[in-house]
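Enquirer: Show me the folded form of this:
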Amino acid sequence: MRNRNTVVLALIFLMALFVLWVDLPIEHPRWAKQLLFWQQPAEYRDLKIKQGLDLQGGTQILLEAKPVPGQKVTAADMEAAKVIVDRRVNALGVTEPLVQLQGENRIIVELPGINNPDQAVQTLRSTGQLEFVEIGSSTTPQYPNVKQGTYLRTTNNEVVPDKATLGKTEHPYPDVVFKTIMTGRDLKTASVVLDRYSAPSISFELSDNGATIFADYTAKHIGDVLAIVLDNVVLSAPRIDSAIPEGKGVIEGKFTRDEADSLAVQMRYGALPVALEIANRRTIGATLGADSVRRSVTAGLIGLAMVLLFMLVYYRLPGALASVALMIYAGLNLALYKLMPVTLTLPGIAGFLLSTGMAVDANILIFERMKEELRWGRTLRAAVDAGFNRAWTSIFDSNLSTLITCLILILFGRTFGAQAVLGFAVNLAIGVLISMFTAVTVTRTFMRAVFDREAAEGLRAKHWLLGI
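Expert: The predicted model follows:
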């Protein structure tokens, strides 16, 4: 038993060191960030606390469906558009975004702390219709200006958006309709790559069907120009130098990194079923403000200090061990917020503080039961084991009922877009699960390490040290 407890104690010590390393506000090495494979997309992996809209502010956008003449916007169209917008927002690396339907033809989007709001807006509202368009010979004199940024009409689009919609120059070929060879439906994946000069471009791979079409066309049109067009605007107009049988290619242009990221996102997540225009856009400041955030953190630290002081004064030595376990509990929460990642909002902070109280409550149940066992004349080691074993049922039942409530709140928050409720429930559930681990495993291991020795029986007579 002693050997087993020693091993567990060593594992807890190593875990505490790892948690401390994750929690420290330092620049963690790149290899550590790349290990976080569950955080997507890869370029936004980090070990920093994500803050919600109420803590850091952001941008709120109201998108409204703008159907082409003759198109009827259905509820299914708006739901599909919401899903695509949601995927695009998440691919941009925005923490805890809000994307929800408003009325019959509107989508409201809240983007906390984005670095380039204009680029993000363009990414969300663009229809994302990718086409590979036949231009003809690069020396054809009637098409001298087909280059990046050129506005084209293609056979895949019956109605072309106007200048105000796309924000582009006038269509230079009003009487020409260019032939679409292949659309984005045959696109398998797209990602941003950097050349040796750190210039961004977009690498893409086609599906089997798309690769067949691409290989056949490029083999028959060597020397011709095949424009890569997004929403009727040319991204790149490369010349076909040879057949491309692998179904892979690169879109090159004078892109910034943000523009390349945006285009890759639109290409990956497909075309919107209906065009969206901006009905309203506004910048939202942090609702709490920097001073209020500081005060909230200070209040939380004072509250935690008071809890630790109470445990030390009332339960003495067991309370000191529980205080160390409680500090590990707080560190584990913070580490998980960074690793998962969890976005920190005011409701989320409330959920964390509530779970801290429950962690203390579990220790109180254990210690009170242990003191009863000592009063009945049990040995110190037997009293420690009995205190944990007999209090476990009460701890499990109370925490299980809390977790069930959290599940209901999470389902409610996801269904009705109540992000505040969702954030509170997620943080509370995480805190409750960690509190069960620290109260039952960490505190028990500490107490066994201190009391599970023959010499420790001398402590039994020192009632003041045990809080009796």
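Enquirer: tell me how far the ends of stretch 179-188 are from each other?
Expert: End-to-end distance of stretch 179-188 (C-alpha to C-alpha, to the nearest Å): 22 Å.
Enquirer: what's next to it, contact-wise?
Expert: By C-beta atoms under 8 Å, 6 or more residues apart in numbering, the residues outside stretch 179-188 that reach it are 128-134, 154-156, 204-207, 209-210, 213-214, 217, 226, 247, 267-268, 270-271. Glycine gets a C-beta too; all of them are placed from N, C-alpha and C.
Enquirer: please redo it, this time with the cut-off set to 6 Å
Expert: 130-134, 154-156, 205-207, 209-210, 213, 217, 267 (C-beta atoms under 6 Å, 6 or more residues apart in numbering).
Enquirer: Any chance of a ChimeraX selection covering the buried ones in those residues?
Expert: Typed into ChimeraX, the line below selects the buried ones among the contacts of stretch 179-188, using 16 or more other C-beta atoms under 10 Å:
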select :130,131,132,133,134,154,156,206,210,213,217,267
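Enquirer: Farthest-apart pair in the contacts of stretch 179-188, please.
Expert: For the contacts of stretch 179-188, the farthest-apart pair by C-beta to C-beta is 155 and 205; their separation is 24.4 Å.
Enquirer: Next, count neighbours for residue 74.
Expert: Counted with other C-beta atoms under 10 Å, the neighbours of residue 74 add up to 12.
Enquirer: And the strands in this protein, which stretches?
Expert: All strands of the chain, identified by DSSP state E, fall at 50-51, 58-65, 98-102, 106-112, 130-137, 179-183, 187-194, 200-206, 224-230, 233-236, 248-251, 276-284, 343-344.
Enquirer: among these, which is the most enclosed?
Expert: Scoring those by mean neighbour count under mean count of other C-beta atoms under 10 Å gives strand 343-344 as the most buried, with a mean of 24.
Enquirer: Where does the record place the domain boundaries for this protein?
Expert: If you go by automatic domain parsing, the domain ranges for the chain are 2-37+287-466, 42-122, 128-269.
Enquirer: Now tabulate the ones you listed in CSV and tack on distance to residue 280 and mean pLDDT.
Expert: Formatted as CSV, these follow (distance: least, C-beta to C-beta, whole Å; pLDDT from 0 to 100):
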stretch, distance to residue 280, mean pLDDT
domain 2-37+287-466, 18, 84
domain 42-122, 4, 80
domain 128-269, 17, 76
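Enquirer: Quick one: closest of these to residue 281.
Expert: Residue 281 lies closest to domain 42-122 among the domains of the chain, at 5.1 Å (C-beta to C-beta).
Enquirer: Touching, residue 91 and residue 265? I think so.
Expert: Yes: contact status for residue 91 versus residue 265: in contact at 4.4 Å, counting by C-beta atoms under 6 Å.
Enquirer: ok, the two, which is more surrounded?
Expert: Between residue 91 and residue 265, counted using other C-beta under 10 Å, residue 265 has the larger neighbour count: 25 against 20.
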